[in-house]
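Asker: model the structure of this input:
(one chain, ligands or ions: 1)
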Amino acid sequence: SQLWYQWSNPKCNGKLPPGSMGFPIIGETFDYFKPHGFYEISPFLRNKMLKYGPLFRTNILGLKTVVSTDMDVNMEILRQENKSFNLSYPDGLVKPLGKDSLFFKTGNVHKHIKHISMRLLGSENLKRKIIKDMDRVTCEHLRLKAGEGRFDVKEAVSSLITAYLTPKVISNLKQETQTKLMNNFKAFSFDWFRASYALSAGRGLYNTLWACREGMKLIKDVYTRRKTSREKHDDFLETTIEELEKEGSFVNENVLVSLIFTLSCITQDTTSKATCMAVKFVSENPKVLAELKREHEAILASRKDKEGGVTWEEYRHEMTFTNMVINESLRMTNLAPMMFRRAVKDVKIKGYTIPGGWIVMVIPSVVHFDPEIYENPFEFNPWRWEGKELRSGSKKFMVFGAGIRQCAGSEFARLQISIFLHHLVTTYTFSLSKEDCEVIRVPGALFPNGISMNISKCCST
Ligand code: HEM
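Answerer: Next up is the predicted model:
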C-alpha cells in the first residue's frame, strides 16, 4: 500500500494539478486510447474535466503527464518551446524516423532544419515549382479514378501526392528506384499508433519500420552518389546538399536524409487524411457543396487561360469559401489531437506546479468543441468562419499547432485540398457510401474501412 500511495501521489515541489495516476506502469493509457464516436469529446477527457477541471494529472504510456485542455495554458506551453518545455513525443511514435529526425532536435539545429523544410513547403516554392504539377496530377488522377466509378480517397490522394512530389524531392532517379522510394513513402503512416488498440497495429508498425529503414537507405545511397558525382539537379536534395556545404552548417548528412524522408512521408499521410475529411463533410452537406460549386465555377468562368489549371492568385484570392470549408473541416477533424511537450524544469502555471521531467499533453480539440467559442460545435458550418482571419491560428484554433513548432506543411495541405475540391466539384458528381465511411477517434481520427467515393463525370462537362 505504500508503493501504491507513492505511485498515486508523485513528489512535487509545489502543488500538483489534481488527478489520478491509474494503475502502476500502465497508468490510464487504455482509457485514454479507447475508441469513441466522432461527434463527441473522448469520455475519458470529459469525465476527468468534470472531476478535476481543465488541467489534471495522469499517467499515459508509462509517463507522468499533465493534460491541458485550457486554451491559455495550451498557448503558453507551446510558446515556451526551448525555454521551459521541449517537444517530446512518445518514442514509439517518432522513433521509426530515427534519432536524426527533426522531432528530436531543439534550439538552433531545429531552427535550421525548419528553415530548410520551408524551402520545399513554403509559399514561394509552392507558387513557383509545385502548384502546376499538383494541379495537373490531381486532375489526371481524378479522371482515371472517375473511369473506375469508385475509389478510395485516401489511397488516391496519397498516390497522387507521391507521384508529383517525389521527382521534386529527388529528380533523375531510375524508374525502378523511384517506384521503390514512392512505395516506401506511401507505406509510412502514423495510423498504427492511433490503432494501437487493434491487432492490425502490429502489421502497421512493421510496415512503417520497414518503410523507414528501406526509404532512408535508398535516399542515403542517392545522396552519396550525388555528392561524389557533383552533378547539379533542380530538386530538394540539391537544396539540402547546398545547406550542408555552407560554412558553420548546423546539420549533417544523416539529419538531411531523415528530413527528406520525413517530409515526403508526412506530406502524403496528413494531407490525404485531411482531404478525405473535407470531401466527407462536403458530400454530407448539400448547401456547402452548392456554395463550393458556385465559387469554383466562378473561378473557371473568369479564368483567362482556359487550358491552364488553378493559379496561385486564384488559390489565394478567389477561394474564400473553400478556405472556410477547410478550416471547419480541420476544426472538426483534429488530425493532431494532442501535442506532447516535456517540462525541462519545474514550471508554475495557473497556481499549480508542473514538475521538471513531466510530460504535458496539450489538447486543442476540447477548445475546438467548446460551445462557448463555437456555437453547436459538432455541426459542420463553414459560415461560422465568415469575415474571420482564415489562415492564421490562435489559441482558439490550433489545428496546426503554435509557436516555433508550428506546422511546416500547413500551406501545402491547404493548397492540395483546395485543388482537389476544385476539380471534384467542377467536373464530377460524387457520393460517399455511408457504411464504408465510418470515422472513429482513438483519439485521432481513423477510417477503419477507408473512405470510398462513387464518382462519375458531370453531364455538362
Ligand atoms: C492538414 C494537415 C496537417 C495537420 C493538421 C498538421 C498538424 C500539425 C501540428 C499540430 C503540428 C505541431 C506539432 C507540435 O507542436 O507538437 C505540426 C507540425 C509539423 N508538421 Fe504538420 N500538419 C499537417 C500537414 C503537414 C504537411 C503536409 C507537412 C509536410 C511535410 C507537415 C509537416 C510538419 C512538420 C515538419 C512539423 C514539425 C515542425 C517542427 O517541429 O518545427 N504537416 N503539424
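Asker: report pLDDT for the closest residue to the ligand within the stretch 301-450 of the chain.
Answerer: Nearest residue of the stretch 301-450 of the chain to the ligand: Gly409, at 2.1 Å (CB to the nearest ligand atom). Quick note: C-beta positions are derived from backbone N, CA and C, even for glycine. With respect to pLDDT, Gly409 scores 97.
Asker: isn't it right up against Asp269?
Answerer: No. Applying CB atoms under 8 Å, one finds Gly409 not in contact with Asp269, separated by 10.4 Å.
Asker: could you give the number of residues near Gly356?
Answerer: 13 (other CB atoms under 10 Å).
Asker: leaving out sequence neighbours, find the closest residue to it.
Answerer: Lys345 (4.4 Å; CB to CB, 6 or more residues apart in numbering).
Asker: do Gly309 as well
Answerer: Asp135 (3.3 Å).
Asker: my read: the one you found touches Trp312, true?
Answerer: No. Here Asp135 lies out of contact with Trp312, judged by CB under 8 Å, at a distance of 10.4 Å.
Asker: counting neighbours, go ahead and name the busier of the two.
Answerer: Asp135 (22 against 15).
Asker: what's the helix or strand in which that one is found in contact with?
Answerer: In this assignment (DSSP states H and E), Asp135 forms part of helix 131-148. Residues outside helix 131-148 that contact it (CB atoms under 8 Å, 6 or more residues apart in numbering) are 151, 156, 159-160, 163-164, 168, 309-312, 315, 415-416, 419-420, 423-424, 427-428, 455-457.
Asker: these in strands, which ones?
Answerer: Among the contacts of helix 131-148, the residues falling in strands (DSSP state E) are 151, 428, 455-457.
Asker: tell me which helix or strand the residue in the stretch 1-150 of the chain that the ligand sits nearest to sits in.
Answerer: At 4.9 Å from the ligand, Lys114 is the closest residue in the stretch 1-150 of the chain, using CB to the nearest ligand atom. Lys114 is part of helix 107-121, with elements assigned from DSSP H and E.
Asker: immediately after that helix, which helix or strand?
Answerer: helix 123-125.
Asker: that next one and the ligand in contact?
Answerer: No. Applying CB under 6 Å from any ligand atom, one finds helix 123-125 out of contact with the ligand, separated by at least 12.0 Å.
Asker: which strands and helices sit next to that helix?
Answerer: Of the remaining helices and strands, none touches helix 123-125 by 3 or more CB pairs under 8 Å, 6 or more residues apart in numbering; DSSP states H and E.
Asker: picking that back up, show the buried residues in the contacts of helix 131-148.
Answerer: 151, 156, 159-160, 163-164, 168, 309-311, 315, 415-416, 419-420, 423-424, 427-428, 455 (16 or more other CB atoms under 10 Å).
Asker: residues touching the residue nearest in space to the middle of the chain, list them.
Answerer: A centroid search over the chain (CA atoms, centre = their mean) returns Thr270, at 4.2 Å, as the residue closest to the centre. Applying CB under 8 Å, 6+ apart to Thr270 gives the contacts 335, 409, 413.
Asker: thought His233 was touching Arg226?
Answerer: Yes. With contacts counted by CB under 8 Å, His233 reaches Arg226, the gap being 7.4 Å.
Asker: quick one: which of the two has more around it?
Answerer: Taking neighbours as other CB under 10 Å, His233 and Arg226 compare with Arg226 leading, 19 against 12.
Asker: let me see the confidence value for that one.
Answerer: Looking at Arg226, the pLDDT reads 91.
Asker: in a strand, it, correct?
Answerer: No. Counting by DSSP: H, G, I helix; E, B strand; the rest coil, Arg226 is not found in a strand; it is helix.
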